[in-house]
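S.K.: the sequence isn't on hand, but the structure is:
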């Protein structure tokens, strides 16, 4: 963590210097009538987007929600390893790791063949495979996650806060207007219930749930099916003789259905998903009048011979499984994509819904807006053409479809009676087979974006075989040369809208990385020279880091080129955190772990959302320049 760049300032280093022209959120202050971005919804998707944009005080961002405040309990709880990698960029991953339950093992239970009315443990699976990520799979109260984003926003230069008790009633897009083309009608859901105001926006993002008014306003519809199966979910404080209550458990009974147990933070709380009644084709779950007592009774039947003595039901809900998604995640019809730029987007449940069984809902929703945030920032700050925003729907729609299809299969296998699934009859029970086969997916690590202006063709992929173009940058251990600190290379990336170039030195041409640094800093065709504005720090847009094969004590740090020790900030202070080398204490060699070509080295170009955009040789100057020309406008 770096601070004091612009002079010494005491206090909490997480609190950034406040922007001079930030919005006044005092109770008497008027609501804005024009904004750059209006975000509807303060769930994980909306707050993830707002947190990113709070780093750009020059972008006027407004966040509204119909609720009077942040939630307190309930809703989602699972955070996969990919989301934890994202939390590292926001700076609160360590806090999350300290407070939460870590899912280390998943335990599987099914009917005892000798006594089918009883369940028995049939296997355990390591929940996060070795070296799939340096981060754990964790469980956290969604309300607590919201607060972490809210704190990040409040401490950011914009000092951003949500406007609670306001919801989007409707919106209208004028595609011919150059500025503020979206007219949004906001409805008061608080003291002055029903009163409306109008706000004009350059962009609107609907993170307002499955019944999204933003989606409806742009003609979006959720298409898909329902499994006609009622499930209950409850967070409880209880005593039990079930031995695996502090492990994630998938339990299937002979005749009573299934249970999913998820231990929660704090050591005592745990969540149970309980399979309940089948629904008729035209029936909604609300018509059954199922209570928390019905859930508890069903759980005890499923878990026989074990019992659960519930002391407190903290939160509970009944739901039915549905798998639906919209055709497109923005307001531009496919037929007009070549001539019209998107102005309205949907994210999270507003454009895809599914069961909670795979634990992906909150994660995929945040990844939607982590994808969109930096693109909006690039366009609104004039760094990129508005056509960049077409890539949001193109990239995230494909991933949402994969989510819905995979979750549909998982929910069907979980609910199928024994002997009625295509995975029955193997050496392992069906749900263990399926669970193992989908570990990469459930970790959030299966995302691979297709070739585009943002994702290069894999011409030089062999130079870094373990860092696949289109997938997220896979971190590995390194040592920072200046102070010999062991760390993860991926942890230097912040949610600040900057691109990263990781330059790995080779052995055949030891001077290649130095020539690259000189070219990047001085040549007119360098993307840093072309896309960094006058008066900005040299790493304001593209942050370059060097990784050497020697250990830190073998490197002549004084001989590093200026690009690797730049002087930045108001005081022009030298940055000593740009140069790394292989770990010398046995944590792992990043060159070996990630398939980096030792002889030739390479450049790995990484987007602001941590996905690999290109892999190039160290002398691939022209290709690097052309690649960034497809992303940025000239400064």
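M.R.: Thanks, I have the structure now. Small disclaimer: the values here were computed from a predicted structure and weren't measured.
S.K.: any chance you could map the strands in the stretch 351-500 of the chain?
M.R.: 352-353, 477-480, 485-488, 499-504 (DSSP state E, counting those that start in this stretch).
S.K.: redo those as TSV? Include mean neighbour count.
M.R.: C-betas here are computed from N, CA, C, even on glycine. Formatted as TSV, these follow (neighbours: other Cβ atoms under 10 Å):
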stretch	mean neighbour count
strand 352-353	25
strand 477-480	23
strand 485-488	14
strand 499-504	24
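S.K.: which stretch among those strands comes nearest residue 332?
M.R.: Of all those, it is strand 352-353 that lies closest to residue 332, at 18.4 Å by Cβ to Cβ.
S.K.: partners of the closest one in the sheet?
M.R.: Note on strand 352-353: by DSSP bridges, its sheet partners are strand 308-325 (antiparallel).
S.K.: what separates the helix or strand that the partner strand is followed by from the chain centre, distance-wise?
M.R.: Downstream of strand 308-325, the first helix or strand assigned by DSSP states H and E is strand 344-346. Remark: strand 344-346 is offset 17 Å from the chain centroid, using Cα atoms, centre = their mean, to the nearest Å.
S.K.: one more: stretch 52-60?
M.R.: 19 Å.
S.K.: same deal with stretch 438-454?
M.R.: 12 Å.
S.K.: pull out the buried positions in that stretch.
M.R.: 438-439, 441-449, 454 (16 or more other Cβ atoms under 10 Å).
S.K.: one more: stretch 326-336?
M.R.: 326, 328-332.
S.K.: who's in contact with the residue positioned nearest the centre of the chain?
M.R.: Taking Cα atoms, centre = their mean, the centroid of the chain lies closest to residue 367, which sits 3.3 Å from it. Applying Cβ atoms under 8 Å, 6 or more residues apart in numbering to residue 367 gives the contacts 82-83, 86, 396, 399, 444, 447.
S.K.: can you add pLDDT and distance to residue 66 and give these back as CSV?
M.R.: Listed next are the contacts of residue 367 as CSV, based on pLDDT from 0 to 100; distance: Cβ to Cβ, whole Å:
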residue, pLDDT, distance to residue 66
82, 97, 29
83, 97, 25
86, 98, 26
396, 96, 24
399, 88, 28
444, 91, 29
447, 95, 31
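S.K.: in the stretch 401-550 of the chain, which spans are helices?
M.R.: Secondary structure of the stretch 401-550 of the chain by DSSP state H, counting those that start in this stretch: the helices cover 430-437, 439-442, 512-522, 527-531.
S.K.: ok, back up a step: looking at the buried residues of stretch 326-336, which gets the smallest pLDDT?
M.R.: pLDDT across those is lowest for residue 328, at 90.
S.K.: what is the burial count for the nearest residue to that residue once chain neighbours are set aside?
M.R.: Spatially, and ignoring its direct neighbours in sequence, residue 328 is nearest to residue 393 (5.4 Å; Cβ to Cβ, 6 or more residues apart in numbering). Residue neighbour count, defined by other Cβ atoms under 10 Å, stands at 24 for residue 393.
S.K.: ok, now which ones touch residue 393?
M.R.: 328-330, 342, 345.
S.K.: show me the contacts for residue 534.
M.R.: residue 635.
S.K.: how far away is residue 208 from residue 350?
M.R.: Plainly put, residue 208 is 6 Å away from residue 350 if you go by Cβ to Cβ, to the nearest Å.
S.K.: per-residue pLDDT, the residue nearest to residue 530 when sequence neighbours are not counted?
M.R.: In this structure, residue 530 finds its nearest non-sequential neighbour in residue 634, 5.7 Å apart by Cβ to Cβ, 6+ apart. For residue 634, the pLDDT comes out at 93.
S.K.: residue 634 against residue 532, yeah?
M.R.: No: with contacts counted by Cβ atoms under 8 Å, residue 634 stays clear of residue 532, the gap being 10.6 Å.
S.K.: these two: which has the busier surroundings?
M.R.: residue 532 (19 against 7).
S.K.: find the nearest non-adjacent residue to the more buried one, please.
M.R.: residue 541 (5.2 Å).
S.K.: residue 138 and residue 260: what is the separation?
M.R.: 16 Å.
S.K.: same thing with residue 510?
M.R.: From residue 510 to residue 260 the distance is 55 Å (Cβ to Cβ).
S.K.: higher neighbour count, the two?
M.R.: Set residue 510 next to residue 260 and count neighbours by other Cβ under 10 Å: residue 260 wins out with 21 against 12.
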